[in-house]
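1. Predicted structure and sequence below. I'll ask about it afterward.
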Amino acid sequence: MRENRLRTLWKSGGAAVNGWLSIPNSFSAETMAHQGWDTLTIDLQHGMIDYQAMVPMLQAISTTNTVPVVRVPWLEPGILMKTLDAGAYGVICPMVNTREDAQNLVAWTHYAPKGTRSFGPVRAVLYSGADYPVHANETIVTFAMIETAKALDNLDEILSVEGLDAIYIGPSDLSLALGCTPTFDDVEPRAAEAIDHILARAKAHGVVAGIHNGTPEAALKRIAKGFQFVTVSSDARLMAAGAQQIVSKMRAAKVSDNDSGSY
């Protein structure tokens, strides 16, 4: 069974630096994977990616040691099981609001007797090895997203579900739910308090806490607080930022040349 390096990293007390993939393309996924991210998350919830685009992206990530993670569109057994069968080593599920939601998430991502996942790891066996069915339950990582007021009300009940490995905070949705401006990093005080509360309760339950960030500076501050899974930007944002930097420098140089030529 191929090691899930995310679990190994957590056991040593480390934090995973996660990249985010929103472009439905295997070459861009492969390029990102070769940059040294601990994990890369393919986003099926928002953005342009569907299941057919996801599979070659997982294959592209497999050319490296980067751990493949997928955020599924919703809490629904079919897509969770198909995503794992395709070789994802972690799944992030949005809008987990109750203990029952968390129980279903764990059940649908684990084989019996721990869960009710249907058997058919077609590509997962190719990625991880022939003994995948024996070790999948303790290898796969399951994240529940905490991003609503209802989830906050039920936080301890969610965190107490056996088999839930980690939670993942979506600061924008959480901010919206609390009547704040949606943002990743400089969240308003009410949202900041909620994030600190979620982190503290996750630690108390022995559940790993992850969070979405817009900048490395914000991610590093959150690692210092105790987050062990931090997303920093995305393929689309990084491409846009790099292009903007080059274009800005070129535009500034052309203006400077024009100015000097007028004397």
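-> That came through, no problem.
2. I167: what's it in contact with?
-> Each residue near I167 by CB atoms under 8 Å, 6 or more residues apart in numbering is listed here: 143-146, 158-159, 198, 202, 207-210. C-beta here means a position set from N, CA and C on the backbone, and glycine is covered the same way.
3. what do you get if the cut-off is 6 Å, keeping everything else the same?
-> 144, 146, 202, 207, 209 (CB atoms under 6 Å, 6 or more residues apart in numbering).
4. Drop anything exposed from these.
-> 144, 146, 202, 207, 209 (16 or more other CB atoms under 10 Å).
5. for the residues you listed, which one is nearest Q35?
-> Nearest to Q35 out of those is A209 (CB to CB; 24.4 Å).
6. so who does A124 touch?
-> Residues near A124 by CB under 6 Å, 6+ apart: 85, 87, 132.
7. circling back: so which of the buried ones among the contacts of I167 belong to strands?
-> Counting by DSSP state E, the part of the buried ones among the contacts of I167 found in strands is 144, 146, 209.
8. Could I get the residues you listed in a markdown table, plus columns for pLDDT?
-> Converted to a markdown table, those look like this (pLDDT from 0 to 100):
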| residue | pLDDT |
| --- | --- |
| A144 | 98 |
| I146 | 98 |
| A209 | 98 |
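9. just curious, which of the contacts of A124 is nearest to M95?
-> Nearest to M95, judged by CB to CB, of those is D85 at 22.7 Å.
10. S160 versus the closest one, what's the distance?
-> 28 Å (CB to CB, to the nearest Å).
11. Equivalent analysis for V230, please.
-> On the measure of CB to CB, V230 and S160 end up 24 Å apart.
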